[in-house]
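In: here are the coordinates; sequence isn't available:
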């Protein structure tokens with residue numbers, strides 16, 4: 001299929017880029033923080049318990065630069081969330097800087113600093129009630145507070161939670177590997193075409209890094 005071919009091509013490119021860099025090809029530079037998500041629940045029923053139900057989650061948050069350009073050069077910025085979903089299990093949600101309009105939510109947009117632009121999932125999630133997009137929208141006056149929202153393919157953004165990012169206890173980046181295809185928040189599935197595109201890209205990025213460090217993933 002077309003998406004499989006595109007996925008293989010992207011995977012090959014990211015593998016070569018990662019080998020040259022000696023680190024992840026995608027989002028190689030970042031900062032890992034701790035955060036708290038305060039969920040008040042979705043305004044409409046989505047069929048995804050993490051969106052529909054109120055609760056509090058202690059999460060890992062990674063801010064990153066997609067191409068790896070050093071600040072203050074503009075880059076596609078990333079915001080990744082690692083969310084506990086069960087004992088010893090977690091789900092990953094990956095967001096990148098885009099617009100928020102009907103068309104803009106599907107367009108990656110560069111930014112100079114984190115918190116200056118909204119982050120969205122870009123690809124829709126597959127849920128029991130239809131496709132949904134997720135977003136983290138900066139809160140005015142607080143560079144480390146975000147409104148978490150969801151929407152349909154073209155509908156309005158509806159708030160379901162607040163993300164408060166705390167100061168990182170670590171010096172520099174941590175070697176965390178986020179993968180929304182392998183680490184799924186229950187109810188937020190991937191469409192086959194999106195999973196194919198992502199699967200090869202993330203796997204190739206990891207293989208390149210492991211090849212450089214002498215580590216190998218099991219087949």
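Out: Alright, I've got the coordinates. What you see is a predicted model; the values in this text were computed from it and never measured. Numbers count the residues shown, from 1 in each chain.
In: got phi/psi on the residue nearest the centre of the chain?
Out: The centre of the chain sits closest to residue 94, judged by Cα atoms, centre = their mean, with a distance of 0.7 Å. With angles defined as degrees, to the nearest 10, residue 94 sits at phi -110, psi 130.
In: same check, this time on residue 195
Out: According to degrees, to the nearest 10, residue 195 has phi -60, psi -40.
In: before we move on, back to that, do you know how far the residue nearest to the centre of the chain is from residue 181?
Out: 10 Å (Cβ to Cβ, to the nearest Å). All C-beta atoms are positioned from the backbone trio N, CA, C, and that covers glycine.
In: can you pull the contacts of residue 90?
Out: Listed by Cβ atoms under 8 Å, 6 or more residues apart in numbering, the contact partners of residue 90 are 82, 83, 84, 183.
In: for it, name its beta-bridge partners.
Out: On the basis of DSSP bridges, residue 90 is bridged to residue 84.
In: what of the one 4 residues further on?
Out: In this entry, residue 94 is beta-bridged to residue 80, by DSSP bridges.
In: that one touches residue 177, doesn't it?
Out: No - assessed by Cβ atoms under 8 Å, residue 94 is found out of contact with residue 177, at 11.4 Å.
In: just the strands in the chain please.
Out: Using DSSP state E, the strands of the chain run over 29-39, 55-65, 77-86, 89-97, 119-120, 125-127, 130-139, 142-151, 158-165, 189-190.
In: what's the closest of these to residue 110?
Out: strand 89-97 (7.0 Å; Cβ to Cβ).
In: ok now the closest one, how far from the chain's centre?
Out: Relative to the centre of its chain, strand 89-97 is centred 4 Å away, using Cα atoms, centre = their mean, to the nearest Å.
In: mind listing what's buried along that strand?
Out: Across strand 89-97, burial judged by 16 or more other Cβ atoms under 10 Å covers 90, 91, 92, 93, 94, 95, 96, 97.
In: how many other residues sit next to the residue lying closest to the fourth one once chain neighbours are set aside?
Out: The shortest distance from residue 93 to any non-neighbouring residue, by Cβ to Cβ, 6 or more residues apart in numbering, is to residue 81 (4.4 Å). Residues near residue 81, counting by other Cβ atoms under 10 Å, number 24.
In: before we move on, what about residue 141?
Out: 6.
In: pLDDT score assigned to it?
Out: Note for residue 141: predicted pLDDT of 76.
In: who's in contact with the closest residue to residue 95 other than its chain neighbours?
Out: Computed as Cβ to Cβ, 6+ apart, the closest residue to residue 95 that is not its neighbour in sequence is residue 119, at 3.7 Å. Listed by Cβ under 8 Å, 6+ apart, the contact set of residue 119 reads 77, 78, 79, 95, 96, 97, 98, 135, 136, 137, 146.
In: which one of these is nearest to residue 33?
Out: Proximity of the contacts of residue 119 to residue 33 was ranked by Cβ to Cβ; the top entry is residue 79 with 10.3 Å.
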